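**Student:** Below: sequence and its predicted model.
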Amino acid sequence: MAPPKPTKKPKGQKKEKVFHPLSRKADQLVRTQLRKGKLADLAKARNQKHHKQVDLYGFFYHAIPPEGTLTLEDVHTIIHDIWLPRFDSELEAERAARRKGRPKKVIDLTHPLNVDLFRQWDQKEAPFIEQLRFIRISSAAPDVAQVSRPGKHPLLIEEKKSTETQAQDMDMDDSEAPLLLEPMTRFSSTTTTMGAAP
């Protein structure tokens, strides 16, 4: 009789390689796993932050009127009477974490172009909000708002440049640019000297 034939292993099954625990390959695998774990933790933290931001900005999105903008007094009223009482316990924790006297940044709902851009938000993407204009307000001075971030949206940048050029055109006087108002004959000796060959 012939001896029985050995059974064949399925081709799809590979033998798992075993590395020495102190080998370079084992260290490489450990580093790869640690990196994947760190990236997963960062992604989880980023998603949690994203959801908190969407919740905050969604509240203000629903607070703006269908037409026009809010006054600074309206913004203070909304924050003081509606937003803050919702999260009294969390507010105390935030006050403890924030430096004393540092006001909170909010979206500028008093600026018409900023409000129009805010209305275009799909209420899902927090990075869109980062392009908008933000102001700092304080309950100590409710009639004062300071621009904390001018906004990175192209329309806001264009508007800022146009207002700056208009302000420069209106504010220019003889004391700021006296040389521009001098006649060219005053500089003729300098220009001829520079153009002459040595």
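**Tutor:** Thanks, I have it.

**Student:** Tell me how far the residue nearest to Asp74 when sequence neighbours are not counted lies from Pro85.
**Tutor:** Nearest residue to Asp74, sequence neighbours excluded (CB to CB, 6 or more residues apart in numbering): Leu109, at 7.8 Å. To be clear about C-beta, it is placed using only N, CA and C from the backbone, and glycine gets the same treatment. For Leu109, the distance to Pro85 equals 19 Å [CB to CB, to the nearest Å].

**Student:** Settle it for me: which of these two has more neighbours?
**Tutor:** Leu109 (23 against 9; other CB atoms under 10 Å).

**Student:** Surely the more buried one and Val115 touch.
**Tutor:** Yes. Between Leu109 and Val115 there is a contact under CB atoms under 8 Å: 5.9 Å.

**Student:** okay, and the common contacts of the two?
**Tutor:** 64, 69-70 (CB atoms under 8 Å, 6 or more residues apart in numbering).

**Student:** Who are the contact partners of the residue nearest the centre of the chain?
**Tutor:** Nearest residue to the geometric centre of the chain (CA atoms, centre = their mean): Glu130, 3.5 Å. Glu130 sits next to Lys152 when contact means CB under 8 Å, 6+ apart.

**Student:** quick one: it and Tyr57, what's the gap?
**Tutor:** Counting by CB to CB, the gap from Glu130 to Tyr57 is 10 Å.

**Student:** what's the lengthiest strand in the chain packed up against?
**Tutor:** With secondary structure taken from DSSP state E, the chain has its longest strand at strand 141-149. For strand 141-149, the elements it packs on are helix 72-78, strand 134-138, judged by 3 or more CB pairs under 8 Å, 6 or more residues apart in numbering; DSSP states H and E.

**Student:** mind listing what's buried in the longest one?
**Tutor:** Neighbour-count burial for helix 72-78, counted by 16 or more other CB atoms under 10 Å, picks out 72, 75-76, 78.

**Student:** Check stretch 41-59 too.
**Tutor:** 54, 57.

**Student:** Give me the distance from it to the chain's centre.
**Tutor:** Chain-centre distance of stretch 41-59: 13 Å, with CA atoms, centre = their mean, to the nearest Å.
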